[in-house]
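**Q** Okay, here's the prediction I keep looking at, along with the sequence it came from:
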Amino acid sequence: MEWHEQRPVISIQGLGKIYTGYLQPALAPLTAAMPLGTITTVVGKSGCGKTTLLRLLARLEVPSMGDIEWPEGWEQTTMAMVFQEPRLLPWLTVRENISFAQYGDLPVRANTIERLLQELGLSSAAERLPAELSGGMVQRVAIGRALCANTPMLLMDEPFSALDYFTRRELQEELHRWQTQMEKTVLFVTHDVDEALLLGDSIICLRPDGKHKQIQNPLSWGKRRDTSCTEPLKRDILQHIGGLL
Ligand SMILES: Nc1ncnc2c1ncn2[C@@H]1O[C@H](COP(=O)(O)OP(=O)(O)OP(=O)(O)O)[C@@H](O)[C@H]1O
């Protein structure tokens, strides 16, 4: 039995994108599987199609080839997205920015917002405006807004890359905790192979020539933080995607 056959999966079948007027594909055909309730990280050199893949999954782009097979009941699922720049509304407070998330018919309950503010360590900053927050806090609000939307799937495009090392480590741990608690299905795009290895239950390594590869992460979360354990896998990924990023 394949590793991902233990759970229902979002099945990506030869999915690719070529923009009209361009010869090179933005995403060369990719076949991969995203098991529900897990984190799939996507890593690769700049321009290999990471954001394009995320946009295809979000249905913001129409594929030029291939298909996404959704598990039963997921065809119309709304998704929450988190970007590198947090895109908060500057005139709204932290609480208002988080509760602003209304996706489709999914209601946001007051106690959900209070719980999220507490979980994210933002309770005492709830009435502040984005301009009054640190970079880490701003990104927490963006994540809070995405979690608040209560969607089963979260698409994250390099959400931690603008943060300092310590804040990034904190948020990586927190993401892991929320994802486990809430059983979200997460697609997480990153430039950083260490981050891809730390967070990913599986890792999609993209290459512009289409020789993509998906590897299962055999290491448990605790082990993944030990660089001596992750070193061989990291070498494998770096070799595959073509050297240092
Ligand atoms: N709307 C578009 N029209 C034409 N080409 C595009 C468009 N969007 C992206 N591309 C091209 O498709 C390729 C993949 O872009 P994409 O943004 O998916 O890469 P990426 O791996 O996310 O890169 P980075 O790590 O630099 O963000 C690039 O060569 C890019 O120039």
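**A** Right, received. Where do you want to start?

**Q** okay, CA-based contacts and neighbour counts for the rest of this
**A** Fine.

**Q** Next, find the distance separating residue 88 from residue 82.
**A** For residue 88, the distance to residue 82 equals 11 Å [CA to CA, to the nearest Å].

**Q** which residues do these two both contact?
**A** residue 142 (CA atoms under 8 Å, 6 or more residues apart in numbering).

**Q** Run through the residues of the chain sitting next to the ligand.
**A** 19, 26, 46, 47, 48, 49, 50, 51, 52 (CA under 6 Å from any ligand atom).

**Q** Only the buried residues of the lowest-mean-pLDDT helix or strand in the chain, if you could.
**A** When the helices and strands of the chain are scored by mean pLDDT, DSSP states H and E, helix 110-119 comes last with a mean of 79. The neighbour-count criterion (16 or more other CA atoms under 10 Å) identifies 113, 114, 116, 117 as the buried residues of helix 110-119.

**Q** try stretch 19-28
**A** For stretch 19-28, by 16+ other CA under 10 Å, it's 25, 26, 27, 28.

**Q** Among these, which one sits closest to residue 78?
**A** residue 27 (22.8 Å; CA to CA).

**Q** and the closest one, what are its phi and psi?
**A** phi -140, psi 110 (degrees, to the nearest 10).

**Q** so it touches residue 51, yeah?
**A** No - counting by CA atoms under 8 Å, residue 27 does not reach residue 51; the two are 9.1 Å apart.

**Q** Which residue ranges of this structure form helices?
**A** Ranges of helices in the chain, per DSSP state H, are 50-57, 94-99, 110-119, 135-148, 165-182, 193-199, 221-224, 227-241.

**Q** so where's this protein uncertain?
**A** 1-5, 101-110, 243-245 (pLDDT under 70).

**Q** Leaving out the residues flanking it, which one is nearest to residue 130?
**A** Take residue 130 and drop its neighbours on the chain: the residue closest to it by CA to CA, 6 or more residues apart in numbering is residue 90, 5.7 Å away.

**Q** Please give the number of neighbouring residues around that neighbour.
**A** 12 (other CA atoms under 10 Å).

**Q** Give me the most central residue, this structure.
**A** Nearest to the geometric centre of the chain sits residue 188, at 2.4 Å (CA atoms, centre = their mean).

**Q** residue contacts, it?
**A** 39, 40, 41, 42, 155, 156, 157, 158, 196.

**Q** repeat that with 7 Å
**A** Applying CA atoms under 7 Å, 6 or more residues apart in numbering to residue 188 gives the contacts 40, 41, 42, 155, 156, 157.
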